[in-house]
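1. I would like to see how this sequence folds:
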Amino acid sequence: MFNILREIKHSKELISAKDEIFVGELIRYMYKNGGYLINISSLEHSHNLTFKFKNSKIYKLNVSVERKVDGLASKLIGSQTLLTLEVIKKKELVEPEEVIKMIGTDLKNMLKVPLFGQVKIDHDLNYIKARTTYIIDLNKFIHEKEVNKEELEKEIEKIIGTLIESLEEV
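-> Numbers count the residues shown, from 1 in each chain. Below is the predicted model:
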């Protein structure tokens, strides 16, 4: 009986810790690929991270991980998490023609909602930002006693690749 209660408690703790495990794997992956964590803030159900890159196509990456389903419901429908990524590319010099192009792009993207892989582009004077949001099931990557690192890395590479491609088109 005691073992059953312990297993239930362990299972409940694992469910609530999946987003933290995901964040740890994300930090590991980014470091492996040249991204240095420069800021992290966490609340009970959300984590915000900022990575800075050297010698890369991107300047910064902002990541928000927000757990939407918790407890017993996550056993039934999965550990649904809102994953928002924003890639920032630095522009050194801005020409007047580029400002006009930026305004046009911003007007096209004004009503875009960056959900389910749709990318929203935004400009500051010296930065271009590409943002997207996905709803992912952490159970796909994090199992009882192991993390499927290959699948997790493929998913992150796919999302970041989409954002970088969107920045190159602008």
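
2. all helices of this protein, in order?
-> 2-32, 72-77, 96-109, 149-169 (DSSP state H).

3. mean pLDDT for those helices: which is lowest?
-> Among the helices of the chain, helix 72-77 carries the lowest mean pLDDT, a mean of 50.

4. state the number of residues packed around residue 23.
-> Neighbourhood size, residue 23 [other C-beta atoms under 10 Å]: 17. All C-beta spots, glycine's among them, are computed from the backbone N, C-alpha and C.

5. contacts only, for it.
-> Contacts for residue 23 (C-beta atoms under 8 Å, 6 or more residues apart in numbering) come out as 42, 47, 49, 65.

6. could I get the phi/psi values of the closest residue to residue 164 other than its chain neighbours?
-> Among residues not flanking residue 164 along the chain, residue 57 sits closest, at 5.5 Å (C-beta to C-beta, 6 or more residues apart in numbering). The phi/psi pair for residue 57 (degrees, to the nearest 10) reads phi -70, psi -20.

7. next, count neighbours for residue 43.
-> 8.

8. tell me the pLDDT of it.
-> For residue 43, the predicted pLDDT is 88.

9. kindly report the same for the one 10 residues further on.
-> Looking at residue 53, its pLDDT stands at 90.

10. bridged to it, which residues?
-> Legend: beta-bridge partners of residue 53 under DSSP bridges are residue 35.

11. for it, grab the count of nearby residues.
-> Count around residue 53 with other C-beta under 10 Å applied: 17.

12. picking that back up, and the contacts of residue 23, which of them are buried?
-> In these, burial by neighbour count holds for 47, 49, 65, counting by 16 or more other C-beta atoms under 10 Å.

13. in the sheet, who's paired with the last one?
-> Per DSSP bridges, residues listed as beta-bridge partners of residue 65: residue 47, residue 83.

14. I appreciate the help and will end here.
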